[in-house]
Every structure is written in structure tokens, then in C-alpha cells.
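Student: Provided below for reference: sequence and predicted model.
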Amino acid sequence: MDIEVKLPKVPLNICKPKAPIEVPIVENRIATKENTPNFIRHITFDLTGTPLAGKFVPGQSIGVLPEGVERDGGPPKLRLYSISSPSKGENGNPNLVSTTVKRVIDEDWETLEVFTGLCSNYLSRQKPG
């Protein structure tokens, strides 16, 4: 017996890195216990009034362009974060999309120089609004 699988049509690359949009953060809270060695944050974006509103489906990701410069001194590159919202959006609102972010601290084994993750730390510092 053949089973036909129908996949939903999903719009891709709605906004491009060369023409990014800004959206407000409505929630940025710590999602780990105090004694955990990692800092995980749950961050919710409000996409109301943008071309992204209501367009996400489970399994997709959202792109973030942080402020700052890369380790090599160049402009920041787009980072992708998996969407962690339910299929109908946060709290049933399809315009609210969330992700989880782990603050990253990295070390160059040869120079022992410590780097902080550009985008994870940028997002972790953002306040609602």
C-alpha cells in the first residue's frame, strides 16, 4: 500500500540578510537553574506587522544579525536559531516566536584567548521592547 505524504508549502527566505527587519523582544528570561554551568535564555520575538507574521511552522529557524564585529574584525554574519514555539505561536499567538539561546564562551586552545559568542551574548543582553 502506498501512502502519500503531503508536506505543507513553507515560505523560505522571506527576509534577506541585506534587507533585515527589526522586531521587538517581548520576553527574555533565564531558563536554567542557578547552579547550572550554562546560561540558557528563552527569548520571544513579536513579528506583528512584518512579512514574517504567522509564517513559521515547526522545524524552521529564524535568522538573527547581531551588532558588533566577528573575531576576524569583519561585519557580523547571520546566525540561525531553531524556533522553539508551539505550532500556533507562543501562548497561541502566531505572531510570537521563541527560541532558546545558550550563552557561549569559547577558548582558542593555541593562544588561550577567550571569546564570547557574538550573537548568543548579543541576544542574551537584549531587554524586552
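Tutor: Structure received.

Student: and residue 90, how far is that from residue 110?
Tutor: Distance of residue 90 to residue 110, given as C-beta to C-beta, to the nearest Å: 42 Å. All C-beta spots, glycine's among them, are computed from the backbone N, C-alpha and C.

Student: and those two? which has more neighbours close in?
Tutor: Between residue 90 and residue 110, counted using other C-beta atoms under 10 Å, the more crowded position is residue 90 (19 against 6).

Student: roughly how far does the nearest residue to that one once chain neighbours are set aside sit from residue 7?
Tutor: Of all residues not flanking residue 90 in the chain, residue 96 sits nearest, at 3.8 Å (C-beta to C-beta, 6 or more residues apart in numbering). From residue 96 across to residue 7, the span is 24 Å (C-beta to C-beta).

Student: who's more crowded, those two?
Tutor: Shown here are residue 96 and residue 7; by other C-beta under 10 Å, residue 96 has more neighbours (19 against 6).

Student: helices and strands of the protein: which one bottoms out on pLDDT?
Tutor: Across the helices and strands of the chain, mean pLDDT, DSSP states H and E gives its lowest value to strand 105-107, namely a mean of 68.

Student: show me the shaky parts of this structure.
Tutor: 35-37, 104-108, 112-115 (pLDDT under 70).
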